[in-house]
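K.L.:
Sequence isn't available, so here's the structure alone:
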């Protein structure tokens, strides 16, 4: 059953009382969600917790998903908000966003990843302003256009372009040397 | 400002970040366990059932009785509405002890003279961007009554489908200060202490 049928079919089944159909939505949107949250938070344990929380909230609020065929976009909006909330909680409790070497060590390397390169990227992302990191990930990793990002985040497209540009500048400055080194 | 997509370094960074991240094997099972324990979507089904148009054949005598019951329910409903404060301005409805678990009607109001549409979104609808559409009561005055169970809710208005606006008459949500402007309303239950934050 899991993962079968388009999102709108699964959403309708859940709303009709078939709770288990929600597993299909989880299976379908888990990978992309986890990739985004892990890059945003830099800690895989935290990322799974936030992703799980987002799924539960999506389930509880499923009736407000006005376009079931676009469940993915709707769910991603919840996920972005949950990341922001978690980041804010972290900032208040720890004073720093990620910059956590222990978290870096806990984070499993994705298959095929160059560990050192991955860690360099994670460190550079951690130094970014969270809104710049969010905009960069949505634009360059998730491949969304600025109108979609604007709908997701509530920010205007010119502000988003500025955030992405600043993020790219920072990443070039932080990772240019490491990239040259590994490519020699 | 978009030419970064053609920058090989940015492309290599994005490619690395686009690799799938493995979740723990029991991730889906944990999510589903949490989902099964979450409040169900039953209210939506109940509402769909209640709001579904259906024909009823009622004798004149039964019709009179039904009208009396409806009038009593309407009167009770109005009482709840009048007990409910405007969100963020005064304490939201404290339901009668006998109806401790019944939702209270909370009235949300925003003055937004230039707006073409205003929607309400918050913890109660999963922060759906399309939100719950508010009604234009008068030029620039947008209102919506929402049934809410006792609890604390963060919310915001979405003006013209794009702009998040906090409720100027309500306290800000301090636990959501990293994103959109957000306000808080607390709906008191019979056993819940305190009122609006």
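P.N.:
Right, received. Where do you want to start? Source: prediction; values computed, not measured.
K.L.:
And the residue nearest the centre of chain A?
P.N.:
residue A:36 (2.3 Å; CA atoms, centre = their mean).
K.L.:
hey, where'd the helices end up in chain A?
P.N.:
Remark: helices assigned in chain A by DSSP state H are A:7-15, A:22-41, A:44-60, A:71-94, A:101-106, A:115-127, A:130-136, A:146-153, A:157-183.
K.L.:
Residue 9: neighbouring residues, count only.
P.N.:
Just so you know, I chose chain A. 14 (other CB atoms under 10 Å in any protein chain shown). For glycine as for every other residue, the C-beta is placed from the backbone atoms N, C-alpha and C.
K.L.:
wrong chain, I was asking about chain B
P.N.:
17.
K.L.:
Run through the residues that contact it.
P.N.:
A:171, A:172, A:175, A:176, A:179 (CB atoms under 8 Å, 6 or more residues apart in numbering or on different chains).
K.L.:
Pop out the phi and psi values for it.
P.N.:
Backbone torsions for residue B:9, taken as degrees, to the nearest 10, come to phi -70, psi -50.
K.L.:
Residue A:8 touches residue A:65, doesn't it?
P.N.:
No: with contacts counted by CB atoms under 8 Å, residue A:8 stays clear of residue A:65, the gap being 9.4 Å.
K.L.:
can you list residues touching both of those two?
P.N.:
By the contact definition CB under 8 Å, 6+ apart, residue A:8 and residue A:65 are jointly contacted by residue A:71.
K.L.:
between these two, who's got more neighbours?
P.N.:
residue A:65 (24 against 14).
K.L.:
I'd assumed residue A:74 was in contact with the more buried one.
P.N.:
Yes: between residue A:65 and residue A:74 there is a contact under CB under 8 Å: 4.9 Å.
K.L.:
Need the residues touching each of these two.
P.N.:
Common contact partners of residue A:65 and residue A:74 (CB under 8 Å, 6+ apart): A:58, B:128.
K.L.:
mind listing what the closest residue to residue B:7 other than its chain neighbours touches?
P.N.:
Closest residue to residue B:7 in three dimensions, ignoring its sequence neighbours and counting by CB to CB, 6 or more residues apart in numbering or on different chains: residue A:168, at 7.0 Å. Each residue near residue A:168 by CB under 8 Å, 6+ apart is listed here: A:136, A:140, B:4, B:7, B:10.
K.L.:
What count of nearby residues applies to the residue of chain A found nearest chain B?
P.N.:
At 2.1 Å from chain B, residue A:61 is the closest residue in chain A, using CB to the nearest CB. Counted with other CB under 10 Å, residues neighbouring residue A:61 total 21.
K.L.:
Would you confirm that it contacts residue B:128?
P.N.:
Yes: counting by CB under 8 Å, residue B:128 is a contact partner of residue A:61 at 6.4 Å.
K.L.:
Same list, the contacts of residue B:9, but only the ones touching chain B.
P.N.:
Filtering the contacts of residue B:9 for proximity to chain B (criterion: CB under 8 Å from any CB of the partner chain) leaves A:171, A:172, A:175, A:176, A:179.
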